[in-house]
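> turn this into a model:
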Amino acid sequence: MVCPLSGGSVRMRPRRRAVAVGTANGSRRWRGVAPHRLPPTATRPPGIPPPEEISFRRPARSGLLRAVDALLKLLRQDASLTPSQMSAMLNLSEAEVRARLKELADSGVLLGYRAVLNEDKLGREIVRAVIEVRITPERGGGFDKLAERIARHDEVRSCHLMSGGYDLMVEVEGTSLREVATFVSEKLSTVQGVLSTATHFVLRAYKEQGVLMKRAAPDERLAVAP
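Numbering: from 1, shown residues only. This is a model prediction of the structure:
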């Protein structure tokens, strides 16, 4: 066959065909075809149901999983809700809510609760910085051991492994520029395995953990393009 683009010849691969092979008991066994494409009258291998009995649908989520998902959604939206309030919203008993909260905490899913603060309203001087860190992975531990070592510092608010031109994104917090700079130069840069750092100071926060720092007025809406 001639390729219409290159003008060269193209060798076509022959199509596989199902071949019926006789067996000792007189039945037929099919070769060269997937089990779900066997003819209706063919002898099927043990454990292979006919096509009409094969379902590719994902099993429905149980009521328990749906309740846990709804509980986690409430906690993400407002972690200050009491078990009594959540029980009324989820149509569960307060004892069930408390039991599931305990299960989530014991399993390590629920790690803690934190309030989102507007530091400007408090009048405190808080300096935050985002630091790009390039590191050398350790033998036998990769990036994990070094990242966990950096994350243990009290100044570190978050630490993430990233793709791209650097390895870790470290968010730190201090009471002054000097304090943050001292942490970078004396604690972070001196860690064995750290190759380089690039520090970016945060000038203003507009949104933290899904919460807007400035609450919009009721009539203040984003413009919608026609």
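> what's the average pLDDT for the helix with the most length in the chain?
Ranked by residue count and defined by DSSP state H, the top helix of the chain is helix 63-77. Mean per-residue pLDDT for helix 63-77: 76.
> for stretch 198-212, same thing?
For stretch 198-212, mean pLDDT is 88.
> list of residues touching that stretch?
Residues outside stretch 198-212 that contact it (Cβ atoms under 8 Å, 6 or more residues apart in numbering): 76, 114, 116, 127-132, 166, 177, 180-181, 184, 213-214. C-beta coordinates here come from the backbone N, C-alpha and C atoms, glycine included.
> residue 188 is in contact with residue 135, isn't it?
No: applying Cβ atoms under 8 Å as the test, residue 188 and residue 135 come out as separate, 10.4 Å apart.
> next, show the common contact partners of these two.
In contact with both residue 188 and residue 135: residue 194, using Cβ under 8 Å, 6+ apart.
> any idea how far residue 71 is from the residue nearest to residue 94 when sequence neighbours are not counted?
Closest residue to residue 94 apart from its sequence neighbours, by Cβ to Cβ, 6 or more residues apart in numbering: residue 87 at 4.4 Å. According to Cβ to Cβ, to the nearest Å, residue 87 stands 10 Å off from residue 71.
> so which of the two has more stuff around it?
Legend: neighbour count by other Cβ atoms under 10 Å for residue 87 and residue 71, higher for residue 71 (23 against 18).
> the protein: strands as residue ranges?
Remark: strands assigned in the chain by DSSP state E are 19-22, 28-31, 127-135, 156-161, 168-174, 194-201, 207-208, 211-212.
> possible to save those as JSON lines with mean neighbour count?
Output for the strands of the chain, formatted as JSON lines (neighbours: other Cβ atoms under 10 Å):
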{"stretch": "strand 19-22", "mean neighbour count": "11"}
{"stretch": "strand 28-31", "mean neighbour count": "14"}
{"stretch": "strand 127-135", "mean neighbour count": "18"}
{"stretch": "strand 156-161", "mean neighbour count": "14"}
{"stretch": "strand 168-174", "mean neighbour count": "20"}
{"stretch": "strand 194-201", "mean neighbour count": "14"}
{"stretch": "strand 207-208", "mean neighbour count": "11"}
{"stretch": "strand 211-212", "mean neighbour count": "12"}
